[in-house]
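Peer 1: return atomic coordinates for the entry below.
(one chain, ligands or ions: 2)
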Amino acid sequence: MPEPLIELNAVNKWFGSLHVLRDVNLTVDRGEVVVVIGPSGSGKSTLCRAINRLETINSGTIIFDGKPLPEEGKQLARLRSEVGMVFQSFNLFSHLTILENVTLGPIKVRRESKAVAKERAMKLLDRVGIGNQADKHPGQLSGGQQQRAAIARALAMQPKAMLFDEPTSALDPEMVGEVLDVMTSLAVEGMTMIVVTHEMGFARHAAKRVVFMADGELVEQAPPAEFFDNPRSERARDFLSKVL
Ligand code: ADP
Ligand code: MG
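Peer 2: Residues are numbered from 1 along each chain as shown. Ligands and ions are numbered 1, 2, ... in the order given. A predicted model of the protein is given here:
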């Protein structure tokens, strides 16, 4: 049995009286790619944010790499550097160049020398296909290029896992493929990934497991072929009939 990298046990989260995560149990093994799908408002972003401890939870436990999530301080900073997060909005610093965006975390948080950080950043930018954009500012890049820069920035911290929260939802359609290609190659290389997406093609081809959420509940999870061809719950069937 592989030891899971991420483990959620009976996780509950309320926003006031709104119960947004209901007894969520989820384990993600090292190297596994899990795609999370579900209607808007079902708690997918909250789930990602809880794993990165951008949100606190009200009950239950989240174990990352064998340890409970830290409350604060240095351990929390380390956790954040071990879990790369890519959002719908690229969240790049607009006043910095692409290269500076990618080297900032490694220099400030990981205390790397500028030379070491720059060397890895350039390799990562080449890998996501935008090495030639390194000295530009985010505003000079297309949305797809900016999202690839955001992925490179997350990878520069040498994370143990990557969380993607609707990484292509803000992109023009013609740029979705270039971002999904980068994510697919990461998956093939064995990165542990949780991906919230409405890209069902990506889910089918890149995911080992699809998790379907509705109303804060993890309703069902199955390998993609099984889930898409034979969803067990009424809610999943209803959702799929609207998105496929
Ligand atoms: P999803 O990503 O699946 O669309 P979210 O996790 O963003 O869902 O949201 C789940 C529910 O929690 C929604 O009803 C949303 O309005 C609510 N919610 C999210 N963040 C907050 C917050 N900071 N304060 C209050 N309610 C929130
Ligand atoms: Mg969301």
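Peer 1: shaky segments in the chain?
Peer 2: Segments of the chain classed as low confidence (criterion: pLDDT under 70) are 1-2.
Peer 1: ranges for the strands of it?
Peer 2: Under the criterion DSSP state E, strands of the chain are mapped to 4-15, 18-29, 33-37, 59-64, 67-68, 83-86, 161-165, 192-196, 209-214, 217-222.
Peer 1: spatially central, which residue of the chain would that be?
Peer 2: Here the mean C-alpha position of the chain is nearest to the C-alpha of residue 163 (C-alpha atoms, centre = their mean), at a distance of 1.6 Å.
Peer 1: ok, back up a step: how about the strands of the chain in TSV, adding distance to residue 173?
Peer 2: Just so you know, the C-beta spots here come from the backbone N, C-alpha and C atoms, and that holds for glycine as well. Listed next are the strands of the chain as TSV, based on distance: least, C-beta to C-beta, whole Å:
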stretch	distance to residue 173
strand 4-15	31
strand 18-29	29
strand 33-37	19
strand 59-64	35
strand 67-68	41
strand 83-86	19
strand 161-165	18
strand 192-196	18
strand 209-214	23
strand 217-222	28
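Peer 1: what sits against residue 58?
Peer 2: Residues touching residue 58, when contacts are defined by C-beta atoms under 8 Å, 6 or more residues apart in numbering, comprise 12, 13, 14.
Peer 1: residue 69 now?
Peer 2: If you count contacts by C-beta under 8 Å, 6+ apart, residue 69 has them with 51, 53, 62, 63, 79.
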